[in-house]
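Colleague: Need a 3D model of the following:
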Amino acid sequence: MAKQNNPWTNFGQAVALAYFQKTGYKIIASNWHYHQQKIDLVAQQRSIIVFIEIKLYLTNKFSYTNKIMGSYQEKQLQIAANYFLERYKINKWRYDFIIISINGYGGMAKLKHYRQITPSPHYLKKFQSNT
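Modeller: Predicted coordinates for the structure are as follows:
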């Protein structure tokens, strides 16, 4: 997600955190950085580490987009995830994406969780998911 001083961004992050905690995930890190690359959330579900990208959309009506992230954003996420995997010797992991659609007039949010997103293979160096 973008800058953390935006009230909508903070609201979206809170919605995502509440969702994951309610569904049994253990949050390990929020806004985890490796140089300029950032992972919105790193969570654990049983023995699997989950890298979570949060996309927030302000809209007058609830809708979800088919385009979750661009290739540059995907590359940045995977660079950070690769470093995290190597640093902490993780071998069971997956990518998830959350799209949060917020109605700006009512402040209501709808959340869509995409599990086990397959990353573009040309961005992954030596890690492969074992899930």
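Colleague: Give the burial count for the closest residue to residue 19 other than its chain neighbours, as a bare number.
Modeller: Of all residues not flanking residue 19 in the chain, residue 111 sits nearest, at 5.7 Å (CB to CB, 6 or more residues apart in numbering). For glycine as for every other residue, the C-beta is placed from the backbone atoms N, C-alpha and C. When neighbours are counted by other CB atoms under 10 Å, residue 111 registers 16.
Colleague: So residue 9, which state does it fall into?
Modeller: Following DSSP: H, G, I helix; E, B strand; the rest coil, the label given to residue 9 is helix.
Colleague: Hmm, residue 56 and it touching each other?
Modeller: Yes - counting by CB atoms under 8 Å, residue 9 does reach residue 56; the two are 6.3 Å apart.
Colleague: Quick check, pLDDT for the residue positioned nearest the centre of the chain.
Modeller: Central residue of the chain (CA atoms, centre = their mean): residue 53, 1.7 Å from the mean position. Note on residue 53: pLDDT of 87.
Colleague: same deal with residue 43?
Modeller: Turning to residue 43, the model gives it a pLDDT of 94.
Colleague: so it sits right up against residue 21, yeah?
Modeller: No - under the criterion of CB under 8 Å, residue 43 is not in contact with residue 21, lying 9.2 Å apart.
Colleague: Who has more neighbours out of the two?
Modeller: Each of residue 43 and residue 21 has its neighbours counted (other CB under 10 Å); residue 43 has more, 22 against 12.
Colleague: ok, so what distance separates that one from residue 7?
Modeller: Separation of residue 43 from residue 7 (CB to CB, to the nearest Å): 24 Å.
Colleague: name the helices or strands packed onto the helix or strand hosting residue 14?
Modeller: If you go by DSSP states H and E, residue 14 is part of helix 7-22. Judged by 3 or more CB pairs under 8 Å, 6 or more residues apart in numbering; DSSP states H and E, helix 7-22 is in contact with strand 26-34, strand 37-45, strand 48-59, strand 93-103, strand 108-117.
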